[in-house]
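Asker: Fold the following and give me the result.
(one chain, ligands or ions: 1)
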Amino acid sequence: MSALRLSQVSLHYGATGGRAAPLVLEDISLTLDRGEFLSVIGRSGSGKTSLLNLAAGFVAPSSGRVEVDGNAVTGPGPDRAVVFQDDALFPWRRVLENVALPLKLAGVPRADRLERAHHWLTEVGLAGQGGKFVWQLSGGQRQRVGIARALAAEPRFLLMDEPLGALDAMTRDQMHELLLKLWQESHAGALLITHSVEEAVFLSTSVVVLAPEPGRIAFREELDFGRRFLAGEDPRSLKSEPAFIAARERLLAAIHEKETAR
Ligand SMILES: Nc1ncnc2c1ncn2[C@@H]1O[C@H](COP(=O)(O)OP(=O)(O)OP(=O)(O)O)[C@@H](O)[C@H]1O
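Answerer: Numbers count the residues shown, from 1 in each chain. Below you'll find the model as predicted:
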């Protein structure tokens, strides 16, 4: 099983103005297998984005190791695609070109990359929108283009930093269901950074709570609501189950505990 692994990772961003830099993450160990959906939650500043940046290879750990299948991660790579909160698309380019661009950079022949871009645009519900410019799309549609672009590269791991944070509640609910279906179809391992505990509970096979200063793992929970949705259960019924509400409360308490204990 292909795995993205952080082993005893610590991070500080480098000294500023002669002062020692604070430790941002301390002794983080976690494994994301393909086929798993791991969410990271925690209060603002607890190091969630920093953790994703390490997994993506945007920053290197100060100590410890980040690896994919036992090979050290030394930078970004095609095995890991990233979706950001602001969709990071080129507004002046057409939707199809945006999705196909990483494939072009990877040297995929034109016919092949356009076919793959079409396929993933269809998967995210944007068939027929490829000729539009990005600036003509709604926020939810733009995020779907960003996700299609990430998946078109057929990554083994999909890393998402608050991808739904800017969307209204109804669009967000629809995106949850879409994300689960795409996760299943792509067979990628998903790492999601989110401020929404409810989102984490619904989507994830595993949730990690980071406590701040320095960021460290305070709590973990294994869940199966997303898998049950994919097996055909009704999402609204799942979200109102006592077990769902109890999991949400446990995770909220884990975040809150570390706030009040300080
Ligand atoms: N490039 C950087 N250089 C220096 N310090 C940084 C950098 N990026 C983040 N930090 C610091 O690292 C700590 C963790 O930030 P990070 O963005 O990882 O947290 P977060 O949990 O994602 O926060 P939020 O929920 O507000 O997005 C913060 O104290 C932040 O100021």
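Asker: all helices in the stretch 101-250 of the chain, in order from the N-terminus.
Answerer: With DSSP state H, counting those that start in this stretch as the criterion, the stretch 101-250 of the chain has helices at 110-123, 139-152, 169-186, 197-203, 225-230, 235-239, 242-260.
Asker: so which of these gets nearest the ligand?
Answerer: Of all those, it is helix 242-260 that lies closest to the ligand, at 11.1 Å by C-beta to the nearest ligand atom. Every residue, glycine included, has its C-beta placed from N, CA and C.
Asker: Show me what that closest one packs onto, helices and strands only.
Answerer: With contacts defined as 3 or more C-beta pairs under 8 Å, 6 or more residues apart in numbering; DSSP states H and E, helix 242-260 has these neighbours: strand 37-42, helix 197-203, strand 206-211, strand 216-222.
Asker: now that helix and strand 206-211, what's the angle there?
Answerer: Per axes from the mean of the first three to the mean of the last three C-alpha atoms, to 10 degrees, the angle that helix 242-260 makes with strand 206-211 is 20 degrees.
Asker: Pull the distance from helix 242-260 to the chain's centre.
Answerer: The chain centroid and the centroid of helix 242-260 are separated by 21 Å, computed with C-alpha atoms, centre = their mean, to the nearest Å.
Asker: What would that helix look like as CSV? C-alpha coordinates only.
Answerer: Below are the C-alpha coordinates for helix 242-260, written out as CSV (Å, rounded to 0.1, in the frame of the first residue of the first chain):
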residue,chain,number,x,y,z
PRO,A,242,-26.1,10.2,17.7
ALA,A,243,-22.7,8.6,16.8
PHE,A,244,-22.0,11.5,14.3
ILE,A,245,-22.9,14.1,16.9
ALA,A,246,-20.9,12.4,19.6
ALA,A,247,-17.8,12.3,17.4
ARG,A,248,-18.2,16.0,16.5
GLU,A,249,-18.5,16.8,20.2
ARG,A,250,-15.4,14.7,21.1
LEU,A,251,-13.4,16.5,18.5
LEU,A,252,-14.7,20.0,19.5
ALA,A,253,-13.8,19.1,23.1
ALA,A,254,-10.3,18.0,22.1
ILE,A,255,-9.8,21.4,20.4
HIS,A,256,-11.3,23.3,23.2
GLU,A,257,-9.5,21.4,26.0
LYS,A,258,-6.1,22.6,24.7
GLU,A,259,-7.4,26.2,24.5
THR,A,260,-8.6,26.3,28.1
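Asker: From the ligand, how far off is residue 2?
Answerer: Noted for residue 2: a distance of 26 Å to the ligand, by C-beta to the nearest ligand atom, to the nearest Å.
Asker: Read off the pLDDT value for that residue.
Answerer: Listed pLDDT for residue 2 reads 83.
Asker: Count the residues that sit near it.
Answerer: Using other C-beta atoms under 10 Å, the number of residues around residue 2 comes to 15.
Asker: next one: residue 73
Answerer: 21.
Asker: Would you agree it is in contact with residue 59?
Answerer: No: under the criterion of C-beta atoms under 8 Å, residue 73 makes no contact with residue 59, lying 10.4 Å away.
Asker: quick revisit: want to throw the helices and strands packed on helix 242-260 into TSV with mean neighbour count and mean pLDDT?
Answerer: Listed next are those as TSV, based on neighbours: other C-beta atoms under 10 Å; pLDDT from 0 to 100:
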stretch	mean neighbour count	mean pLDDT
strand 37-42	26	97
helix 197-203	23	96
strand 206-211	24	96
strand 216-222	16	95
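Asker: of these, which approaches the ligand most closely?
Answerer: strand 37-42 (5.7 Å).
Asker: export that closest one as PDB, just CAs?
Answerer: Provided in PDB are the C-alpha atoms of strand 37-42 (Å, rounded to 0.1, in the frame of the first residue of the first chain):
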ATOM      1  CA  PHE A  37      -9.200  10.300   4.000                       C
ATOM      2  CA  LEU A  38      -7.300  12.100   6.800                       C
ATOM      3  CA  SER A  39      -8.400  15.400   8.100                       C
ATOM      4  CA  VAL A  40      -6.400  17.800  10.300                       C
ATOM      5  CA  ILE A  41      -8.300  20.200  12.500                       C
ATOM      6  CA  GLY A  42      -7.200  22.500  15.300                       C
END
